[in-house]
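Asks: sequence and computational prediction follow.
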Amino acid sequence: MRGIDMENERTAGYELEELLPVAAWLTDKYTSKESSSVTYETAAALMEAVCYCIQECFSQNTNGILSAEKGIHARQAYEKGYLNVLEKAGKAKELYEKLIVDFEDYGCLNYRETIIKGLPAFFMKYDARFRPQDHILTLDYPDLVPGEPLSGVDRIYSYLLHITMEKKLLEQFPRQAVCGLLEGLQPDYKNLYMDNICYPVLLRALICMIGDCPIWELQAGREEKKLLRIYLEGDSLDKAAEKVRALLGMLVSQMEGMGQEEQDYFAGIGRELAVRMMQAAKSAE
């Protein structure tokens, strides 16, 4: 175990010398004490598992912010963190079960494959004891705001929270309006569309807001796009992003069942959406 190079010499305040006995104990558990050695790769993964669970012990929220205070031995922190990992996996399962009730994929294969076929593999294969840091899935359908580089159950839990909020937003619009918009963007979107569906929906909804035409129909013509160009004319990207965040806040606040959490989440794509709006405005010239 001492041959393992650690990216950080400390994990949640613990020195490497405090972590090694825990990793050795976990290695014994992994081999059922039938072997005195494991491969370098396995040893590294087990040390990573120890660090992951210890970090979970001091996690203050689902984003994995750590407390600087420990006050307990590394082995105790590991065990408490392991229980936290199990609890979070259970919460993730509850989120998923709620998500798939009346789930609508709008005919998008990538969306359906990731949510309906992909995510169940996590709950079947996740190894909280020996590989809690591995979230198993590539999550080919992207969430809007993946945020900081999370891993393991933290990434899956974060992803499900995001997709749940995105589902609530998409449900505000008629299915035929969403499908018609996607088909207009990419005729074979059902098989080829790989982006997040919320991007074109929000882009079109904001253009409708600016053009003062019915938002929920997701239809905008040349006149609305001309008004978009005028609305953003002369703006820097920062200024455009500021305007877009304000519009997003107004839009989301009007939606049924959407609160401050959802407003804050969608505000996180303000800059990316501003880039797309500026591109749309330029194409309208």
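Replies: Everything's here; your move. Residues are numbered from 1 along each chain as shown.

Asks: surely residue 258 and residue 171 touch.
Replies: No: using Cβ atoms under 8 Å, residue 258 makes no contact with residue 171, being 10.3 Å away. (Each C-beta comes from the backbone N, C-alpha and C, glycine too.)

Asks: quick one, which of these two is more surrounded?
Replies: More crowded of residue 258 and residue 171, by other Cβ atoms under 10 Å: residue 258, with 18 against 15.

Asks: show the pLDDT at the nearest residue to the more buried one once chain neighbours are set aside.
Replies: With Cβ to Cβ, 6 or more residues apart in numbering as the measure, residue 252 is the residue that lies nearest to residue 258, at 5.1 Å, once sequence neighbours are left out. Taken from the predicted model, the pLDDT recorded for residue 252 is 95.

Asks: who's in contact with residue 252?
Replies: Taking Cβ atoms under 8 Å, 6 or more residues apart in numbering as the definition of contact, the neighbours of residue 252 are 169, 258, 262, 263, 266.

Asks: among those residues, name the ones in helices.
Replies: Secondary structure assignment by DSSP state H places 169, 262, 263, 266 of these in helices.

Asks: mind listing what the first one touches?
Replies: Put plainly, it is residue 169. Residues near residue 169 by Cβ under 8 Å, 6+ apart: 198, 201, 202, 252, 255, 258, 262, 266.

Asks: again, but for the last one
Replies: With contacts defined as Cβ under 8 Å, 6+ apart, the neighbours of residue 266 are 144, 165, 169, 202, 248, 252.

Asks: if I look at the second one, how far off is residue 269?
Replies: In other words, residue 165. For residue 165, the distance to residue 269 equals 11 Å [Cβ to Cβ, to the nearest Å].

Asks: and what of the last one?
Replies: Plainly put, residue 252 is 11 Å away from residue 269 if you go by Cβ to Cβ.

Asks: and for those two, which residues touch both?
Replies: With Cβ under 8 Å, 6+ apart, residue 252 and residue 269 have no common neighbours.

Asks: which of the contacts of residue 266 fall within helices?
Replies: Mapping those onto helices (DSSP H) picks out 165, 169, 202, 248, 252.

Asks: TSV please, covering those and showing distance to residue 275.
Replies: Shown next, in TSV, are the ones in helices among the contacts of residue 266 (distance: Cβ to Cβ, whole Å):
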residue	distance to residue 275
165	21
169	20
202	13
248	14
252	19
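
Asks: of those, closest to residue 223?
Replies: residue 202 (20.2 Å; Cβ to Cβ).

Asks: any idea how far that closest one is from residue 40?
Replies: Using Cβ to Cβ, residue 202 is found at 47 Å from residue 40.

Asks: ok, these two, which is more surrounded?
Replies: Between residue 202 and residue 40, counted using other Cβ under 10 Å, residue 202 has the larger neighbour count: 26 against 11.

Asks: cool, thanks, signing off.
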